[in-house]
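**Student:** Structure of the sequence below:
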Amino acid sequence: MTEKKTTIELKKLTKKFGDIIAVNDVSLKISENDFFTILGPSGCGKSTILRLIAGLEVQDSGAVIINNKDSSFVQANERPVNMVFQSYALFPHLSVRDNIEFGLKLKKISNTDIKIRVEEILELVKMNGYDFKLPSELSGGQRQRVALARAIVNKPKIVLLDEPLSALDANLRMEMQQELVNIQRNLKMTFMLVTHDQDEALSISSKIAIMENGKIIETNTATNMYEYPSKKFSAEFLGRINIIEGASSLIDNRMLFNSDTFGKINLERDIKLPKDGVLGIRPEKIIIETGLNKQKNRVSMNGT
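**Tutor:** Coordinates of the predicted model:
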């Protein structure tokens, strides 16, 4: 299998705001046509990374490599990158069509080509018939579609998405998640998303990087990140998990985990654990054996 080209590479990237280190010595590679997500809590520095890639901030040290070119000090409008903001950032006095056309007109593309491209994009984001509506006349989901259309209409290599779905209600957010995946696959662009929403990251990403306090602590595919996290923070941040402290040992070619609470737990042979550590078990991996004495203490709805 041919190895995919690297579209974005961050090399020891650092950005400070006064005494606060927002991005701390981050190195990262994002492959061509990936849907790559940086997942982390609010204030961990993930949006700052997007702004550094887009050229909206300048790093204090390190490098931003885009398509094998050092773009660390290239102006934002000269980078093959477009960004979709959390606030949509649409021009309120311009119609849907004018908002989408804006960047194309700056590039002095012919009116004929602009018309063709805008029609194609309106159909792709399912906004046909809304050409002359103002942003104030649209719902949140529709404004998000227009913001995305504006970002992709000039065919950038990379689209950066800064928590674009966070203002939408739960049902619409799920619908838009699938729309983003479909559009990304259709256009074969590299999408890079930042979010604090674990479900969102797991459902749409080909790869996930977990970020904490300005650092990338772990990168993996979405499935492997959930099933086999290597860091306790990643395991707990990605969803409910039972953390058991203890020690592991190999006895008769079997890996055992010994804990004061549960005694000896048989593990899969290919799981490698340090002698002292923690074992994480997702709730859905637990099977209740029949025939045991059990008592129901409390039942609650999810979210209560």
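**Student:** only C-alpha atoms for contact and neighbour calcs from this point on.
**Tutor:** Noted.
**Student:** Could you pull up the residues touching Thr48?
**Tutor:** Counting by CA atoms under 8 Å, 6 or more residues apart in numbering, Thr48 touches Ala22, Val23, Glu57.
**Student:** From Lys188, how far off is it?
**Tutor:** 25 Å (CA to CA, to the nearest Å).
**Student:** again with Phe85
**Tutor:** Taken as CA to CA, the span from Phe85 to Lys188 is 21 Å.
**Student:** ditto for Glu236
**Tutor:** For Glu236, the distance to Lys188 - CA to CA - is 32 Å.
**Student:** measure Arg240 to Glu227 for me?
**Tutor:** In terms of CA to CA, Arg240 sits 12 Å off from Glu227.
**Student:** re the thing from before, more neighbours, Phe85 and Lys188?
**Tutor:** The residue with more neighbours, out of Phe85 and Lys188, is Phe85; 19 against 15, by other CA atoms under 10 Å.
**Student:** What about the more buried one? Give its phi and psi, please.
**Tutor:** phi -90, psi 160 (degrees, to the nearest 10).
**Student:** so who does the closest residue to it other than its chain neighbours touch?
**Tutor:** Nearest residue to Phe85, sequence neighbours excluded (CA to CA, 6 or more residues apart in numbering): Asp162, at 5.2 Å. Asp162 makes contact with Ser47, Leu50, Met83, Val84, Phe85, Gln86, Leu193, Val194, Thr195, according to CA under 8 Å, 6+ apart.
**Student:** quick one: low-confidence parts of the stretch 201-304 of the chain?
**Tutor:** 268-276, 289-304 (pLDDT under 70).
**Student:** Can you give me the end-to-end span of stretch 226-241?
**Tutor:** First residue to last in stretch 226-241 (CA to CA) measures 10 Å.
**Student:** still on that earlier bit, which two in the contacts of Asp162 are spaced the farthest apart?
**Tutor:** Met83 and Thr195 (14.2 Å; CA to CA).
**Student:** who has more neighbours, these two?
**Tutor:** Per other CA under 10 Å, whichever of Met83 and Thr195 has more neighbours is Met83, with 25 against 22.
**Student:** Bridge partners for the nearest residue to the more buried one once chain neighbours are set aside, pull those for me.
**Tutor:** Take Met83 and drop its neighbours on the chain: the residue closest to it by CA to CA, 6+ apart is Leu160, 4.5 Å away. Note on Leu160: beta-bridge partners Met83, Met192, judged by DSSP bridges.
**Student:** wait, what's in contact with Leu160?
**Tutor:** Counting by CA under 8 Å, 6+ apart, Leu160 has contacts Leu50, Ala54, Val81, Asn82, Met83, Val84, Phe191, Met192, Leu193.
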